[in-house]
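J.: Return a 3D structure for these sequence lines:
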Amino acid sequence: MIKYLKYDFLFLKRTSKLIVFPVLVLMFSIISPLTAKYMNELLETLLIDSGVDFVFPDPVITDSYIQYISDLNEIILFVVLFVAVSIFIRDKTKGLLPLIVSKPVSRTKYLLSKQITFASLLFVSLMIGYGVFTYYTYVLFGGTYFIEGFLAIILYFVYLLFLMSIAMLMSVLFKSYIIAIIMTFLGYILFTVIGAFQQVTLLMYSPNVLNSHAVKYISTQSLPDGVLMTVIVTLLLTTGITYLSIYLFKKQEIPT
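T.: Residues are numbered from 1 along each chain as shown. Predicted coordinates for the structure are as follows:
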């Protein structure tokens, strides 16, 4: 397994992804608390000549955390989807896969290595980013919700693992990067829609609900009902989709 991990980490290093992801997360770790702190002042300045008396509440620590989670969901998440598909499908699109499978290569370890490598990069990036975010939040707001924020980031990471498993499955099923990314986005949209029907018992534990649980946890300082079950369901789905991907990949006929 070690040689597979070395190969995939070397790829990340050569393509600069090993640096880009931490830098991207760091950027929003700084921007998010600044936005939460000064956005109201900026809006008041812009609207001062409008003739309408707008009164914005003073920003609080919670605003910084919610802004950070929102930025991660709106921007970082989509970057993760694009890159995850490219990592899983790159050997296929470059014509290298027939050469790789012609050797005594474990297809299971081959896929798992890519998943572990990218997951490790995301986790380290999120942890570094959260440390920087915590520092700036403390400087700007005079305090932090360190434990609550850390658990919220863990919930977000679990959701990313689920989306990565979808990207892996689509990369196994399709030969084209474009088609694989479109199908991955359709999978993301499907679970987003499912997550909107939280009043339905069977759908209230959809992986997408983890995002709203993270926001509620920060806002109320208490774990929302059902959050543990949602994590369990998400991890089970991730494991199931990963197993399906490996099974289909092992059954595929790849001309050498």
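J.: going forward, measure contacts between C-alpha atoms and count neighbours the same way
T.: OK.
J.: Show me what the helix or strand harbouring residue 118 packs onto, helices and strands only.
T.: Residue 118 is part of helix 107-141, with elements assigned from DSSP states H and E. Packing partners of helix 107-141 (3 or more Cα pairs under 8 Å, 6 or more residues apart in numbering; DSSP states H and E): helix 2-14, helix 17-46, helix 61-71, helix 77-93, helix 146-173, helix 227-251.
J.: and the angle for it with helix 2-14?
T.: 50 degrees (axes from the mean of the first three to the mean of the last three Cα atoms, to 10 degrees).
J.: before we move on, back to that, could I get the helices and strands packed on helix 107-141 as a markdown table with distance to residue 204 and mean pLDDT?
T.: Output for the helices and strands packed on helix 107-141, formatted as a markdown table (distance: least, Cα to Cα, whole Å; pLDDT from 0 to 100):
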| stretch | distance to residue 204 | mean pLDDT |
| --- | --- | --- |
| helix 2-14 | 36 | 75 |
| helix 17-46 | 29 | 81 |
| helix 61-71 | 20 | 89 |
| helix 77-93 | 21 | 84 |
| helix 146-173 | 15 | 92 |
| helix 227-251 | 8 | 92 |
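J.: how about these in CSV, adding mean neighbour count?
T.: CSV is the format used below for those (neighbours: other Cα atoms under 10 Å):
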stretch, mean neighbour count
helix 2-14, 15
helix 17-46, 18
helix 61-71, 21
helix 77-93, 18
helix 146-173, 22
helix 227-251, 17
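J.: can you redo those helices as JSON lines with distance to residue 125?
T.: Compiled in JSON lines, those are given as follows (distance: least, Cα to Cα, whole Å):
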{"stretch": "helix 2-14", "distance to residue 125": "13"}
{"stretch": "helix 17-46", "distance to residue 125": "4"}
{"stretch": "helix 61-71", "distance to residue 125": "14"}
{"stretch": "helix 77-93", "distance to residue 125": "12"}
{"stretch": "helix 146-173", "distance to residue 125": "11"}
{"stretch": "helix 227-251", "distance to residue 125": "21"}
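J.: out of these, which comes closest to residue 211?
T.: helix 146-173 (6.4 Å; Cα to Cα).
J.: Show me what the next helix or strand after the closest one is in contact with.
T.: Downstream of helix 146-173, the first helix or strand assigned by DSSP H and E is helix 177-195. For helix 177-195, the surrounding residues in contact (Cα atoms under 8 Å, 6 or more residues apart in numbering) are 81-82, 85-86, 89, 93, 163, 166-167, 170-171, 173-174, 203-209.
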